[in-house]
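Student: Model the structure of this input:
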Amino acid sequence: MKKKNIKSYCILLAISLSALGTQAQGSIDSLPNINKDSLVNVAFGKVARRDALGAISSVNVAEIMKTSYGRGSLDNLQSFVSGYNGNVWGQSPLILVDGIPRRSFDVNMVEVESITVLKDASSVALYGSRASKGAVLITTKRGSAKPLTVDVRANGGLMVPKGYANYLNSGEYMTLYNEALRNDGLPERFTAEELYNTQLGTNPFRYPDLNLLSSEYLRKVSYRTDVNAEISGGNEDATYYSNIGLGYNNSLLRLGDSKNNNDMNFNLRTNVDMNITRWLKATTDAVVRVDNNYSARGNFFGAAATLRPNDEWFSYLIPIDKLDPDNPQLQAIVNNSNQLIDGQYLLGGLSNRQTNELSQILASGYIKNRQRTFMFNVGAEADLGGVTQGLTFSTRFSLDYTSRYTEGYSVPYATYQPTWETIDGKEIITNLQQFGVDQISTNEFIGTSLYNQTISLNPQFNYKRTFNEKHNVSGALVGWGYMTRISSDPDTDGGSDYQPIRNTNVGIQASYNYRHKYYVDLTGAVIHSAKLPKGNRSALSPAATLGWRISEEDFFKNGASFIDDLKISATYSSLKQDLDITTATTDYYLYEGNYTSTSWVQWQDGTSAGDYVLAAGGANPKLTFVDREELRAGLDATLFNRAFNLNVNYFRQNTNGLLSQGTATIYPSYFTGNGSFQPWINFNNERRTGIDFSASYTNNVGKFKYSLGFVGMFYDSEVTKRDEVYENGYQNRTGRPLDAYWGYIAEGLFQDQTEIDNHARQTFGGTVKPGDIKYRDVNGDNIIDNRDEVDLGKNGFGASPFNYGLNLTLKWKNVSLLALGSGQVGAIGFKNSSEYWVTGSGKYSEVVLGRWTPETAATATYPRLSTNSTTNNFRNSTYWMFKNNRFDLRRVQITYDFNQTALSNASFIHGLSVYVTGDDLLVLSNERKLMETNIGTAPQTRFYNLGIKATF
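Tutor: Sure thing, here's the model as predicted:
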């Protein structure tokens, strides 16, 4: 069925090719006397940079790539764009590649011409609901009228781990675990003999000291390479561009088959722009991506964070030379085994751990992940000046699909638990308890699979005209719709979605400016959503913007000659959206009442009956869109002969009508019980406010040129309305930040039993003892429970209270230096990973060395050790809290560009550059070690790269 659909689409596209096409993000405006370099991409079109009114940031990626090598399309964007940190003004944006909803990782940075971030509501209004939280427009490269040009870029670099968690060895673990048992009033687990033999290290198979984060299992570095070729050219009739790239990287692992882990990707992008007639242009784009991943089975880094160094005397390898040579049964096991590791070892196991991540890596096979992506779009632009001057029509059709599946090879295998004995002073294995059996498999099989498909259509009329050389009028009538269908097997993302992702809207925009001095822009979109009941499925999203270029006023020119240009603008918008009309556990049509079945109902007299239907939610025929209501004021200025540029935006954004079921304040408690009659309603409100800014200064001193850019955002958020009832007002979420981190105020560690007896009773489970964390009784009821939680600070999940980025470029003759950085200030976090919160018999890291004991009571930095769950100690509180302030030196690159004199003997080479790049080099923070350490996943790395670029 899929093949038939694809074939039909291809036939349709082939027929349409002669008449359809667009440029990136929308049609090219026919702007007289304006250089294309001064245009920026906006929703469904381009606008002269000087006339852009909204909160828009544009980055010329092709220019940046001359001094900054990167892989990802959004690489280090936060160093250039204010208000962006992966989110836009604290919310997740829609990503559009060449005007089509696509994934940013399907585009390499070398393929990108420019990136525009649309932040305010007026800038994204034409996109309807799906872009109501901001949009990032990625525009890829296209050809130009020039001779055939080939650019080749090759890179090779090393990825060096920043560091690993410092776990204690077996001897230290056993000693401290015995201490934890004593603290709990339990007998010690490890004897002095076992501790001695472990520390002695003469037989690591009987007394293991497992350190998975050592060079025995990990390489010191991994490597990454890529090569890319760009081919472009054309004439006044047609231009073309093609990009071919290949990338490869391996991993740090060196255990068993994991040493072969790797990622390989291939990409091909091509486009053609054609002037078919004097009034008709057409374009076509095609992209193919092939991504392959090979990995051994088993979660190595998960095991590294959980497997204790001795782990109940577990060794994942059993040396066959330690088997009793006089025991024929043991020798038969060796002779019949299919899994002799390096010809020397059997696989170890325990009765309660018959397989493990390490034996999975060594023996169970591999997984090949395959992803194939195809993206295709065609379109056309027609000049309708014959109808009326300045009128154009364009349309675009696109089809994308991605197929992802795994090829698996899985082998069942046996593991063994040894019985060790010391005979005649020699340690040997006298018995093996077997778990599982060795089997042989020669066939790969298809594992998980996923398929998604996106179809989009965008017809639009554009009008642009200047009257009497001073009245500039423009307008657009836009239709836009797309649908993404996701299909998968049950083991991939939970199976297929019944409802596709849809967006349908019609947009209209009318703009006027007088001599580029006074501006009026009116934008609106009529959106539609099937998530809402009939009668509420359509709505209008209006936006209005006023602008004033003050620097063109005579009174201003005479008084501030150092200001080259100064423009202010203000916007009011009201965007309707259905992105937040969703929940994780309920149906697509939340406005409908729904029911569920139950296998029994308990009656009052104690009897029960089966197969009854229960209400699972009430109906709400008045459910409507969520509204983003926004006020924005902006300022753009250039000063000192355009050496200094400044952009500032203030925004106040209210999100009204978020979903609630009214469980706390709206509906009575008897609406729930056996089933629920509570409907979803538009009730909760939120507010986001902030100021984002960007400033840059560019100048030169002789042959020395320099440029410094600083971008940032002050950000705040607030719950303005919430369905809630708390016994104590300080726990109300209303009036608090959206990202408030709630927890307890710690008052140190209990020092003795008398202090515990005189303190409020702590109710988090277990017996509180000296060395446990003491919490403040906030409400004074002499009980510590969840009513004592308070707002401890902002976690910055959308954006920290202050985010910033830096970009610096220095150039002297043929040498340039680039440095990029970004940082955040004002958020908090908790040290709550397994490295810090050691529960039960969990693995100990060096942080527990500061544990409380009666001898260290005055200096302890960690609670007492315990083998219980110790839920009292491991709760979010000020004891574990830290400030998440940090600055990251993201990139430093030195580039040398050979001049034409040096290349004169090689006439076929028109340009040559070599560069050295360092990525993620440094974190400046009081918690640098914490921030640079991953627990349970592959480590963070620094990347050192050598690259070369040649133009032919």
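Student: residue contacts, the closest residue to Leu903 other than its chain neighbours?
Tutor: Among residues not flanking Leu903 along the chain, Ile909 sits closest, at 5.2 Å (Cβ to Cβ, 6 or more residues apart in numbering). Yep, even glycine has a C-beta here, placed from its N, CA and C like the rest. With contact set as Cβ atoms under 8 Å, 6 or more residues apart in numbering, Ile909 has these partners: 903, 950-952.
Student: Torsion angles phi and psi at the residue in the chain sticking out farthest from the centre?
Tutor: Distance from the C-alpha centroid of the chain, by Cα atoms, centre = their mean, peaks at Asp424 (60.5 Å). Dihedral pair for Asp424: phi 50, psi 40, per degrees, to the nearest 10.
Student: now do Tyr512
Tutor: Here is the backbone geometry of Tyr512 (degrees, to the nearest 10): phi -140, psi 140.
Student: Repeat that for Glu846.
Tutor: With angles defined as degrees, to the nearest 10, Glu846 sits at phi -70, psi -10.
Student: what's the neighbour count on it?
Tutor: Using other Cβ atoms under 10 Å, Glu846 has 12 neighbouring residues.
Student: isn't it right up against Asn169?
Tutor: No - Glu846 lies out of contact with Asn169 (Cβ atoms under 8 Å); the separation is 10.6 Å.
Student: Assign a three-state SS to Ser551, would you?
Tutor: At Ser551 the chain is in helix, as set by DSSP: H, G, I helix; E, B strand; the rest coil.
Student: That one touches Ser561, doesn't it?
Tutor: No - using Cβ under 8 Å, Ser551 makes no contact with Ser561, being 10.1 Å away.
Student: more crowded one of the two?
Tutor: Neighbour totals were compared for Ser551 and Ser561, and Ser551 leads with 17 against 8 (other Cβ under 10 Å).
Student: next one: phi and psi at the closest residue in space to the more buried one that isn't next to it in sequence?
Tutor: Distances taken as Cβ to Cβ, 6+ apart put Leu566 closest to Ser551, at 4.2 Å, once the chain neighbours are dropped. Torsion angles at Leu566 (phi, psi; degrees, to the nearest 10) stand at phi -150, psi 120.
Student: so Leu566 touches Asn645, yeah?
Tutor: No - Leu566 lies out of contact with Asn645 (Cβ under 8 Å); the separation is 11.4 Å.
Student: thinking again about what came up before, Leu635 versus the residue nearest to Ser551, what's the distance?
Tutor: Leu566 sits 7 Å away from Leu635, going by Cβ to Cβ, to the nearest Å.
Student: These two: which has the busier surroundings?
Tutor: Leu566 (19 against 15).
Student: who's in contact with the more buried one?
Tutor: Going by Cβ under 8 Å, 6+ apart, Leu566 touches 549-551, 556, 560, 635-637.
Student: between those residues, which is nearest Asn178?
Tutor: For those, the residue nearest Asn178 by Cβ to Cβ is Leu635; the value is 66.5 Å.
Student: any idea which helix or strand carries the closest one?
Tutor: Using DSSP states H and E, Leu635 maps to strand 626-639.
Student: Give the rounded mean pLDDT of whatever helix or strand comes next after that strand.
Tutor: Following strand 626-639 in sequence order, the next helix or strand is strand 644-660 (DSSP H and E). Strand 644-660 shows a mean pLDDT of 97 in the predicted model.
Student: now the helices for the protein?
Tutor: Secondary structure of the chain by DSSP state H: the helices cover 2-16, 61-64, 121-124, 170-183, 192-200, 300-306, 328-336, 357-363, 554-559, 753-757, 928-931.
Student: most packed of those?
Tutor: Comparing these by mean neighbour count (mean count of other Cβ atoms under 10 Å), helix 121-124 ranks first with a mean of 30.
Student: tell me what that one is packed against?
Tutor: Counting contacts by 3 or more Cβ pairs under 8 Å, 6 or more residues apart in numbering; DSSP states H and E, helix 121-124 packs against strand 538-549, strand 563-577, strand 626-639.
Student: let's see 10 Å
Tutor: Here helix 121-124 touches strand 112-118, strand 135-140, strand 518-528, strand 538-549, strand 563-577, strand 626-639, going by 3 or more Cβ pairs under 10 Å, 6 or more residues apart in numbering; DSSP states H and E.
Student: Can I get that helix in PDB, CA atoms only?
Tutor: The C-alpha trace of helix 121-124 is given here as PDB (Å, rounded to 0.1, in the frame of the first residue of the first chain):
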ATOM      1  CA  ALA A 121       3.400  36.200  18.100                       C
ATOM      2  CA  SER A 122       3.000  38.700  15.200                       C
ATOM      3  CA  SER A 123       5.900  37.100  13.300                       C
ATOM      4  CA  VAL A 124       4.400  33.600  13.500                       C
END
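Student: quick one: average pLDDT of stretch 285-294?
Tutor: On average, stretch 285-294 scores 97.
Student: no wait, stretch 324-333
Tutor: According to the model, stretch 324-333 has a mean pLDDT of 92.
Student: Quote the end-to-end distance of that stretch.
Tutor: End-to-end distance for stretch 324-333, by Cα to Cα, to the nearest Å: 12 Å.
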